[in-house]
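> Next one to model:
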Amino acid sequence: MNNSELDNFQAEFLPLLNERMDVYLQQLNTRKTLHDSMSYSVDAGGKRIRPMIIMLVCDSFKKKIDQDVLDVCASLEFVHTYSLIHDDLPAMDNDELRRGKATNHVVFGESMAILAGDGLLTTAFECLGQTSISAKTKCTLMSRLAFAAGPQGMVNGQVGDIENEGVKLTLPQLRNVHAQKTGALLRYAFESGGILAGVSDRALGELKELGNCFGLAFQIYDDIMDVVSTPEEMGKATHKDQSEHKNTYPGLLGLDGAYEELEKAKANAKAHLEVLAEEFGAKTMLLEELLNYFKAGKN
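Purely as a prediction, here's the structure:
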């Protein structure tokens, strides 16, 4: 089977990103145990969807993917990896498997896992600060990343998820929680790609809405996979959401209803891609292909 254009794009740029992250972490003046713990989770693999989105948006607007773009991508992946390390802790989701490997606290202990997460979150902004992009763009990216990851974004969504365990949310309430918990960093990925590419405010608005749709689809798909998939396929524990009385789309709408909501989110994302192509000249083929991550139909 021939590789798709997206496969070829990933094969070209993901190794560059992985190498850049490894080099960056290696040059930090930090104790070996802390370095090993941070690198363990960063190098565990994963889909790299968030940095890939940044690169795809840059490519769609003909922005060269240079070292500065790779550093912006790395900073986002560091933040995402920190959030996974902390999510897996016994005080949070208490998971022992992530990306098909033992979670950080299982390997390095709970205290070191907390510190590794703290280190990745903090150095993400150091990584951004060391880029050679303009001061104005750098400040914009830092501010938006902090907003997306912090108490008005991802962290706030995580609080909503925890506080509402055992409480049945309405569909709008569930969307609101997940727009922050899962959607905030994905939305930032689309926005930051546009900022790096120097797009207009109107195009940036379309990218933000595209990010909202993609983030919603991502969460619905993840909820569905928790029901229909296996730990071997997912690289993490499955069937946990129902046992822990978490609010999910299959739990609220049933599996058929969740699939319907997924298709709606994908259709809305495609509509924004059409606007970006027709009104702003974006080359959206690879971004459209990215939507194939959410497999059509029932598994």
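
> Please make it C-alpha for all contacts and neighbour counts, starting now.
Noted.

> Now stretch 261-278: average pLDDT?
Per-residue pLDDT over stretch 261-278 has a mean of 97.

> lowest-pLDDT helix or strand in this structure?
In the chain, the helix or strand scored least confidently by mean pLDDT, DSSP states H and E is helix 240-243, which has a mean of 57.

> Which positions in the helix or strand just after that helix come out as buried?
Using DSSP states H and E, the next helix or strand after helix 240-243 towards the C-terminus is helix 249-280. By 16 or more other Cα atoms under 10 Å, the buried positions in helix 249-280 come out as 249-251, 255, 258-259, 261-263, 265-266, 268-270, 272-277.

> Can you name every helix or strand that the helix or strand following helix 249-280 contacts?
Downstream of helix 249-280, the first helix or strand assigned by DSSP H and E is helix 285-290. In this structure, helix 285-290 makes packing contacts with helix 5-26, helix 49-60, helix 249-280, judged by 3 or more Cα pairs under 8 Å, 6 or more residues apart in numbering; DSSP states H and E.

> quick one: contacts of helix 285-290?
Glu5, Leu6, Ile53, Leu56, Val57, Ser60, Lys270, Leu273 (Cα atoms under 8 Å, 6 or more residues apart in numbering).

> Among those residues, the buried ones, what's the ChimeraX command?
A single ChimeraX command selects the buried members of these (16+ other Cα under 10 Å):
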select :6,53,56,57,60,270,273
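
> wait, which of the contacts of helix 285-290 is closest to Asp201?
The shortest approach to Asp201 among the contacts of helix 285-290 belongs to Val57, at 14.8 Å (Cα to Cα).

> which one is that closest one nearest to, not counting chain neighbours?
Among residues not flanking Val57 along the chain, Gly193 sits closest, at 5.1 Å (Cα to Cα, 6 or more residues apart in numbering).

> how about Lys283, what does it touch?
Applying Cα under 8 Å, 6+ apart, we find Lys283 in contact with Asp59, Ser60, Phe61, Ala277.

> how close does it sit to Leu207?
Using Cα to Cα, to the nearest Å, Lys283 is found at 13 Å from Leu207.

> And the pLDDT for Tyr293?
88.

> shaky segments in the protein?
In the predicted model, the chain carries pLDDT under 70 at residues 1-3, 231-245, 296-299.

> how does it look with 80?
1-3, 229-246, 295-299 (pLDDT under 80).

> Spatially central residue in it, please.
Geometric centre of the chain, nearest residue: Arg50, 4.3 Å, by Cα atoms, centre = their mean.

> show me what contacts it?
Applying Cα under 8 Å, 6+ apart, the residues contacting Arg50 are Cys73, Leu76, Glu77, Leu185, Leu186, Ala189.

> can you tell me how far it sits from Ala135?
Between Arg50 and Ala135 the distance is 23 Å, computed by Cα to Cα.

> Ok, Tyr249 next?
Per Cα to Cα, Tyr249 is found 41 Å from Ala135.

> next one: Arg20
To Ala135, Arg20 is 22 Å away according to Cα to Cα.

> Have a look at those two and say which one is more surrounded.
Neighbours were counted for Arg20 and for Ala135 using other Cα atoms under 10 Å; Arg20 has more, 17 against 11.

> I figured the more buried one hits Val72, correct?
No: using Cα atoms under 8 Å, Arg20 makes no contact with Val72, being 10.8 Å away.

> need the helices for the stretch 101-250 of the chain, in chain order.
Taking DSSP state H, counting those that start in this stretch, the helices of the stretch 101-250 of the chain run over residues 104-108, 110-129, 135-149, 154-163, 171-181, 183-197, 201-228, 231-234, 240-243, 249-280.

> what's the most buried one of those?
helix 183-197 (a mean of 27; mean count of other Cα atoms under 10 Å).

> Tell me what angle it forms with helix 49-60.
Here helix 183-197 points in a direction 30 degrees away from that of helix 49-60 (axes from the mean of the first three to the mean of the last three Cα atoms, to 10 degrees).

> start at 35 instead
In the new count, where the first residue is 35, that last one comes out as helix 217-231.

> who touches helix 217-231?
With Cα under 8 Å, 6+ apart, helix 217-231 has contacts from 84-85, 87-92, 95-97, 103, 110, 114, 171, 175, 178-179, 182-183, 187-188, 237-238, 241-246, 248-250, 253.

> quick one, it and helix 235-262 angle?
Relative orientation of helix 217-231 versus helix 235-262 (the same axes, to 10 degrees): 140 degrees.

> Distance from helix 217-231 to the middle of the chain?
Offset of helix 217-231 from its chain centre (Cα atoms, centre = their mean, to the nearest Å): 10 Å.

> same question, stretch 311-322
Distance, centroid of stretch 311-322 to centroid of chain: 21 Å (Cα atoms, centre = their mean).
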